[in-house]
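Visitor: heads up, no residue letters with this:
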Ligand code: ADP
Ligand code: MG
């Protein structure tokens, strides 16, 4: 059979593909493994619907064989195989996905998902190979065929010998270029690394012969030998049942995934099966990453589609206010774009993100309720981010976050929630009082706190600049407004209001003199009932405190 040309569009697409669709060459292996896995899924699906066919799990696998002598990499699968026509149709026309047709013809239902749907993945092989050979024998056929191509100039198909049903793909790796050494794809450790990274949770075993060494008997020498090993872990931890898993399993996973060097403070394992289906494992780290509050920190979760890694850091899955959360999401319901590097529609993603936002919130609330010490530890590490979250986006997230906030309390000498504060408020107390300052010690000495404290009212101490900005956005909590202790009107009834009026008029001249001496730095000097042990204090005119004014004045215009 003579050489056939790719369809014209295919030729252009192939060049485009090789040069620009994928950002990393190593994904060629992910694509070929996904195809092999799809092919096994198909034979499994046939077995389900055809009584004459049985499916014995152990007969189905993918094998990777690097060969340094021939500079080639071979992938064998025991999947459904391809007939001559199928080789022609599926590999001869780019963007013709046999898996897509299989899906629509057979109405593949839940649990038998086939990853392929674009019909370009196969050509990723040409990113690393200059010759690709596919030998295949289809289920139910006794002939095998060989498809071969050197890239964009076309392909040949001819009969070949192959005993078993399935497909064998051999990549003749490209010659090394200045900056690229294609031999890396023959290195055991590199292949393992790529398989682990992208295809760890493919349902079928991905096998490879790996070099092992053992000590020789009666000698100190080690001998090397080859042994077949299954590289992938197959069942992802997030598909397992929560009850099968221990805290240690989650902790190991956290470290395996290099989410952090610390221990996770809490894990969240979600198996959601509703309008949108996904599995997720999320972690709240114990420590703040060193670059957390810097520009360098990148939030995001890993995104898997049906066990195959699509994105290492999908930022859209976590809101900024929970940017400290690490972990992954796996969903079967994502529509991916051609390179699987982006999502086509973000509707599903938005739904998942919304769901995750809620999950994290409720888990943090339960931590706050049931494991207060741990919550405080979390809050010390990431509380500031929650307060920024209240303030940012014009307060769009304030309702999600308000119950997660904590502030130091004058009464409890520890962090308290707003709910706790409000629940303790005496009836005559109108406002939630707060005082701002650099540190708790400094705030304690503020003269402005005296009257409020003297009334027995609790004061929240704000020591971070963001605190007051956040509660200004919040405005109130359970209809109780926030009030700075340095505010002009504290809303506290004073019995001798009258007396102070006469006192004020008696001292009018003195106050006028004081104001003049201060050279316009104060707006008014007046008598006050709020002081006990201090002779004088500053109060603010408007609703914001002096501290907040300082911050605002320091902001660049
Ligand atoms: P997709 O997987 O998106 O359909 P690919 O370019 O990766 O597109 O593959 C094209 C088609 O070739 C697949 O849909 C499938 O029908 C066929 N194919 C590729 N690899 C194999 C294989 N190992 N076994 C059987 N069929 C395969
Ligand atoms: Mg594919």
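Guide: Noted; the coordinates are in hand. All values reported here derive from a predicted model rather than from experimental measurement. Ligands and ions are numbered 1, 2, ... in the order given.

Visitor: Leaving out the residues flanking it, which one is nearest to the residue of the stretch 51-200 of the chain found nearest ligand 2?
Guide: Here the stretch 51-200 of the chain gets closest to ligand 2 at one residue, residue 121, 3.1 Å apart by CB to the ion. For the C-beta atoms, the positions are set from N, CA and C on the backbone; glycine is no exception. Among residues not flanking residue 121 along the chain, residue 31 sits closest, at 3.5 Å (CB to CB, 6 or more residues apart in numbering).

Visitor: Need the phi and psi values for the one you found.
Guide: Main-chain torsions, residue 31, degrees, to the nearest 10: phi -70, psi -40.

Visitor: quick one, strands of the stretch 51-200 of the chain?
Guide: Assigned by DSSP state E, counting those that start in this stretch, the stretch 51-200 of the chain shows strands spanning 62-67, 72-77, 129-137, 144-149, 155-160, 166-173.

Visitor: closest one to ligand 1 among those strands?
Guide: Among those, strand 166-173 comes nearest to ligand 1, with 3.8 Å by CB to the nearest ligand atom.

Visitor: That closest one - what's its average pLDDT?
Guide: Strand 166-173 carries an average pLDDT of 98.

Visitor: does ligand 1 sit close to it?
Guide: Yes. Using CB under 6 Å from any ligand atom, strand 166-173 reaches ligand 1 at residue 167.

Visitor: and that strand, does that touch ligand 2?
Guide: No. Between strand 166-173 and ligand 2, judged by CB under 5 Å from the ion, nothing touches; the nearest distance is 11.8 Å.

Visitor: partners of that strand in the sheet?
Guide: Strand 166-173 sits in its sheet next to strand 72-77 (antiparallel), strand 129-137 (antiparallel), going by DSSP bridges.

Visitor: ok, back up a step: mind giving me TSV with the strands of the stretch 51-200 of the chain and columns for mean neighbour count and distance to residue 195?
Guide: Formatted as TSV, those follow (neighbours: other CB atoms under 10 Å; distance: least, CB to CB, whole Å):
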stretch	mean neighbour count	distance to residue 195
strand 62-67	20	7
strand 72-77	21	11
strand 129-137	21	18
strand 144-149	22	24
strand 155-160	16	27
strand 166-173	22	15
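
Visitor: Let's have these in JSON lines, adding distance to residue 267.
Guide: What follows is these, written out as JSON lines (distance: least, CB to CB, whole Å):
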{"stretch": "strand 62-67", "distance to residue 267": "31"}
{"stretch": "strand 72-77", "distance to residue 267": "35"}
{"stretch": "strand 129-137", "distance to residue 267": "41"}
{"stretch": "strand 144-149", "distance to residue 267": "47"}
{"stretch": "strand 155-160", "distance to residue 267": "49"}
{"stretch": "strand 166-173", "distance to residue 267": "39"}
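
Visitor: So for residue 372, which of these sits nearest?
Guide: Nearest to residue 372, of all the strands of the stretch 51-200 of the chain, is strand 62-67, at 49.4 Å by CB to CB.

Visitor: Which neighbouring elements make contact with that closest one?
Guide: Contacts defined by 3 or more CB pairs under 8 Å, 6 or more residues apart in numbering; DSSP states H and E place strand 62-67 against helix 27-49, strand 72-77, helix 188-199, strand 206-215.

Visitor: got the buried residues for stretch 417-432?
Guide: For stretch 417-432, burial by neighbour count (16 or more other CB atoms under 10 Å) applies to 417, 418, 421, 422, 425, 429, 431, 432.

Visitor: Pull out the buried positions in whichever strand or helix holds residue 386.
Guide: Counting by DSSP states H and E, the element that carries residue 386 is helix 372-391. Of all the residues in helix 372-391, those buried under the rule 16+ other CB under 10 Å are 375-376, 378-379, 381-391.

Visitor: quick one: which of these is nearest residue 462?
Guide: In terms of CB to CB, no member of those lies closer to residue 462 than residue 387, at 9.8 Å.

Visitor: Wait, the closest one touches residue 467, no?
Guide: Yes. Here residue 387 lies in contact with residue 467, judged by CB atoms under 8 Å, at a distance of 6.3 Å.

Visitor: Residues in contact with both of these two, list them for me.
Guide: By CB atoms under 8 Å, 6 or more residues apart in numbering, residue 387 and residue 467 have no common neighbours.

Visitor: re earlier: so can I have TSV of the strands paired with strand 166-173 showing distance to residue 183 and mean pLDDT?
Guide: Formatted as TSV, the strands paired with strand 166-173 follow (distance: least, CB to CB, whole Å; pLDDT from 0 to 100):
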stretch	distance to residue 183	mean pLDDT
strand 72-77	10	98
strand 129-137	12	96
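
Visitor: Can you lay out the ones you listed as CSV showing distance to ligand 2?
Guide: Below are those laid out as CSV (distance: least, CB to the ion, whole Å):
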stretch, distance to ligand 2
strand 72-77, 12
strand 129-137, 13
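
Visitor: any chance of those strands in CSV, plus distance to ligand 1?
Guide: Below are these laid out as CSV (distance: least, CB to the nearest ligand atom, whole Å):
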stretch, distance to ligand 1
strand 72-77, 5
strand 129-137, 7
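
Visitor: could I get these as CSV with distance to residue 474?
Guide: Conversion of these to CSV gives the following (distance: least, CB to CB, whole Å):
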stretch, distance to residue 474
strand 72-77, 57
strand 129-137, 59
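
Visitor: where does the residue of the stretch 351-500 of the chain at minimum distance from ligand 2 land in three-state SS?
Guide: Nearest to ligand 2, among the residues of the stretch 351-500 of the chain, is residue 352, at 23.5 Å (CB to the ion). Classification of residue 352 using DSSP: H, G, I helix; E, B strand; the rest coil returns helix.

Visitor: The nearest residue to it once chain neighbours are set aside: what's it in contact with?
Guide: Closest residue to residue 352 apart from its sequence neighbours, by CB to CB, 6+ apart: residue 278 at 5.3 Å. Residue 278 sits next to 270, 272, 329, 330, 331, 332, 333, 352, 355 when contact means CB under 8 Å, 6+ apart.

Visitor: Show me those that map onto strands.
Guide: Mapping these onto strands (DSSP state E) picks out 270, 272, 329, 330, 331.

Visitor: doesn't residue 358 make contact with the first one?
Guide: Right, the one you point to is residue 270. No. If you go by CB under 8 Å, residue 270 and residue 358 don't touch, sitting 10.2 Å apart.

Visitor: who has more neighbours, those two?
Guide: Set residue 270 next to residue 358 and count neighbours by other CB atoms under 10 Å: residue 270 wins out with 19 against 11.

Visitor: Pairing partners for that one in the sheet, please.
Guide: Beta-bridge pairing for residue 270 (DSSP bridges): residue 280.

Visitor: Could I get the contacting residues of it?
Guide: Per CB under 8 Å, 6+ apart, neighbours of residue 270: 278, 279, 280, 281, 282, 355, 356, 359.

Visitor: farthest-separated two in those?
Guide: By the measure CB to CB, these have their two most distant members at 281 and 355, which lie 14.2 Å apart.
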